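A.B. asks: Sequence below, structure please.
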Amino acid sequence: MKTWIKFCGTTSREDALASIAAGADALGFIFAPSKRRITPEKAQAVIGQLPPTVERVGVFLNASPEEIRRVVGLVELTGIQLHGNEVAVDVRQALPGNRSSLRIIKTIVMGNGMAKVALAAGEAVDAWLLDSGAGSGQPFDWQAARAEIGQCQGRFIIAGGLTPGNVGEAIRTFSPWGVDVVTGIEREPGHKDPKKLKAFVSAVRKAEQS
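C.D. replies: The predicted structure follows:
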């Protein structure tokens, strides 16, 4: 199975095009407090110069359904990533009718014992993102997480401290639907490193074959 790859924290056209050239399936645009925050207007300016085949995911943290609706009205997103206390069903109901099919990804912060609770709640999400915490840049305990989620069904995306050097191990541990990376592909916060982008994708594809 081909692993879905999202490069998050996109802040410029240059980085977006480098990410696509490296083989990313999706780009993330952060509309929350972050060193990589981007305005909806700038995000749309970048997206308007990209091929329509690449996915564009807006990242939110504790945003109201109304705020998410406002951003969706300004930016041609294909997905929404919820990192805080947002309720997916409320967000979907708030979306304009022609955007109600946007992919919704919900984050679960690992290590606080809440993974099974969140999964059992059965929110109307398209994928669960397992992370170590917003912007930490550190991996969570993968073996403990593997045991915690057990046989739970659904699409899982692994994030938190991934690099070209360890993403292969993450794929072998979880066999995830997707992976999501920010810090591990940057030369400095908010600016991508083209060599790391290519190395990350190469490591993912190699791990898929092992």
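A.B. asks: Let's verify the closest residue to residue 193 other than its chain neighbours: helix, strand, or coil?
C.D. replies: Using Cβ to Cβ, 6 or more residues apart in numbering and skipping residues adjacent in sequence, the residue nearest residue 193 is residue 187, 4.1 Å away. In this view, the C-beta of every residue, glycine as well, is placed from N, C-alpha and C. The three-state assignment at residue 187 reads strand, by DSSP: H, G, I helix; E, B strand; the rest coil.
A.B. asks: wait, doesn't residue 187 sit right on residue 197?
C.D. replies: No: in this structure residue 187 lies outside contact range of residue 197 using Cβ atoms under 8 Å: 10.4 Å.
A.B. asks: So for these two, which residue has more residues nearby?
C.D. replies: Shown here are residue 187 and residue 197; by other Cβ atoms under 10 Å, residue 197 has more neighbours (25 against 11).
A.B. asks: For that one, give me its contacts.
C.D. replies: 7, 18-19, 21-22, 24, 185 (Cβ atoms under 8 Å, 6 or more residues apart in numbering).
A.B. asks: Mind checking which of those residues are in helices?
C.D. replies: Residues of the contacts of residue 197 located in helices (DSSP state H): 18-19, 21-22.
A.B. asks: Tell me which stretches of this structure form helices.
C.D. replies: Ranges of helices in the chain, per DSSP H, are 13-22, 40-47, 65-74, 88-94, 115-121, 142-149, 167-174, 194-208.
A.B. asks: Can you tell me what sits against the second one?
C.D. replies: Okay, so that is helix 40-47. 10-13, 16, 29, 31, 38, 56, 58, 70-71, 74-77.
A.B. asks: CA atoms only for stretch 179-190, dumped as PDB, please.
C.D. replies: Output of stretch 179-190 as PDB, limited to C-alpha atoms (Å, rounded to 0.1, in the frame of the first residue of the first chain):
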ATOM      1  CA  VAL A 179       2.700  10.200   7.600                       C
ATOM      2  CA  ASP A 180       2.900  13.900   8.400                       C
ATOM      3  CA  VAL A 181       6.100  15.900   8.900                       C
ATOM      4  CA  VAL A 182       7.300  19.500   9.600                       C
ATOM      5  CA  THR A 183      10.500  19.900  11.500                       C
ATOM      6  CA  GLY A 184      12.300  16.900  10.000                       C
ATOM      7  CA  ILE A 185      12.200  18.400   6.500                       C
ATOM      8  CA  GLU A 186      13.200  22.000   7.300                       C
ATOM      9  CA  ARG A 187      16.500  23.900   7.100                       C
ATOM     10  CA  GLU A 188      15.000  26.300   9.700                       C
ATOM     11  CA  PRO A 189      11.500  26.900  11.000                       C
ATOM     12  CA  GLY A 190       9.100  27.800   8.100                       C
END
